[in-house]
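[1] Fold the following.
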Amino acid sequence: MKKLAVVAFGGNALLRGNEIGTIEQQEKNTFDTCKKVIGLIKQDFNLIITHGNGPQVGNILLRNDAGYNVYKIPKMPLDICVADSQGGIGYMIERMMRNVLTELKIKKNVVSLITQVLVDREDPAFKEPTKPIGPFYIKEEADLLAKSNDWTFKEDPRKRGWRRVVASPQPIDVLNKKIVKDLAKKGHIVIAAGGGGIPVFQHKDKHLEAIEAVIDKDLASALLANEIGADAFYIITDVPKVYINFNKPNQKQLDKISVDEIMKYYQQGEFAAGSMGPKVLAAVQFVNGGGTEAVITSMEEIHMDNCGTRIVKQI
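    Numbering: from 1, shown residues only. Here you go, the predicted structure:
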């Protein structure tokens, strides 16, 4: 029986920080990432790929606004924009992965699934939106948009302007998890839970309704990994390992580490909330939920044996 691995593509797996996001740039980056990830197949894993969507969904929101302002095309809500990004990015990963498989003469099917993720409409996150989306605005524009759309804006900590913020609730359930598991167990490469999934909540009569929110993609990926009984959970980021004292003279890389030890570092403030912090929490969530091992590493090294920082229950 082959092992199951969930691999979360970070934003840099699709788009580098110094790039503007042309399709040529994104396709090249995606192809390169897929080629590295194939190394896990050689380690006897079946694969489920998840991905972020931050820059892409931001551009979709800009097109949303431009279409309305110029042509009066009705704006689409956030859940539709997330679904659009899932479809577009999933298609791109699927096509690039097929090209890699062809190049390496590996016979496997690849399938992309539009994925809804259940959240609690009473989640405290809805009372205090924190997740920035879309472009920066000057204060006067933000005030006008807030009034006309009932949106919430917060000033960027780096003083680049004001951005719309939405809730980032905890994911509760990945609705097509059984299909994901069945396909992956049969050896197909599955792309799912893009951008953290499309957030929906459930009424008492089981009716599903969309809700304005953005789910953290690493937490959603960890949940999916737990729900399907994955053996390993890989988070691809822009550094090869997790570090303490990051970017300081006494910087130290973490190799294999227990959940308790890495949480001590987390509680000491070693991992920034906007970067490594959520990844560490997602890795810990997976291991505490029954997973064997969570790995945080870079695209360049994911194909290597014993790559990255490997988080386990006990050492």
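[2] Spatially nearest residue to Leu47, not counting backbone neighbours?
    For Leu47, ignoring the flanking residues on the chain, the nearest one in space by Cβ to Cβ, 6 or more residues apart in numbering is Ile189 at 4.9 Å. In this view, the C-beta of every residue, glycine as well, is placed from N, C-alpha and C.
[3] show me the contacts for the residue nearest to the spatial centre of the chain.
    Geometric centre of the chain, nearest residue: Lys217, 3.0 Å, by Cα atoms, centre = their mean. Each residue near Lys217 by Cβ atoms under 8 Å, 6 or more residues apart in numbering is listed here: Ala8, Thr50, His51, Gly52, Asn53, Ala193, Gly194, Gly195, Gly196.
[4] And it, how far from Glu293?
    20 Å (Cβ to Cβ, to the nearest Å).
[5] How about Met263?
    In terms of Cβ to Cβ, Met263 sits 16 Å off from Glu293.
[6] Show me what the helix ranked longest in the chain is packed against.
    Using DSSP state H, we find that the single longest helix of the chain is helix 78-103. Counting contacts by 3 or more Cβ pairs under 8 Å, 6 or more residues apart in numbering; DSSP states H and E, helix 78-103 packs against helix 23-42, strand 45-51, helix 54-71, strand 110-112, strand 189-191, strand 198-202.
[7] So for the longest one, what gets flagged as buried?
    Buried residues in helix 23-42, counting neighbours by 16 or more other Cβ atoms under 10 Å, are found at 26-27, 29-31, 33-38, 40-41.
[8] Report pLDDT for the residue nearest to the centre of the chain.
    pLDDT for Lys217: 96.
[9] okay, now the residue lying closest to it once chain neighbours are set aside: neighbour count?
    What sits nearest to Lys217 in space, not counting adjacent residues and going by Cβ to Cβ, 6+ apart, is Gly196, at 4.1 Å. Neighbourhood size, Gly196 [other Cβ atoms under 10 Å]: 29.
[10] and if you look at Ala192?
    Counted with other Cβ under 10 Å, Ala192 comes out at 29.
[11] so it touches Asn176, yeah?
    Yes: counting by Cβ atoms under 8 Å, Asn176 is a contact partner of Ala192 at 7.1 Å.
[12] what touches both of these two?
    By Cβ under 8 Å, 6+ apart, Ala192 and Asn176 have these common neighbours: Leu113, Thr115.
[13] Next secondary structure after the lowest-mean-pLDDT helix or strand in the chain?
    Ranked by mean pLDDT, DSSP states H and E, the weakest helix or strand in the chain is strand 131-137, scoring a mean of 83. Heading C-terminal from strand 131-137, the first helix or strand you meet, by DSSP states H and E, is helix 139-149.
[14] could you give me the average pLDDT of that next one?
    94.
[15] could you check the angle strand 131-137 makes with that helix?
    Per axes from the mean of the first three to the mean of the last three Cα atoms, to 10 degrees, the angle that helix 139-149 makes with strand 131-137 is 120 degrees.
[16] distance between helix 139-149 and the chain's centre?
    Relative to its chain's centre, helix 139-149 lies at 29 Å (Cα atoms, centre = their mean, to the nearest Å).
[17] just stretch 200-215 next, same as before
    20 Å.
[18] pretty sure Gly11 is touching Gly52, no?
    Yes: with contact defined as Cβ under 8 Å, Gly11 counts as touching Gly52 (4.7 Å).
[19] which of these two has more neighbours?
    Between Gly11 and Gly52, Gly52 has the larger neighbour count (other Cβ under 10 Å), namely 25 against 19.
[20] okay but the more buried one is in contact with Gly10, surely?
    Yes: Gly52 is within contact range of Gly10, at 5.9 Å (criterion: Cβ under 8 Å).
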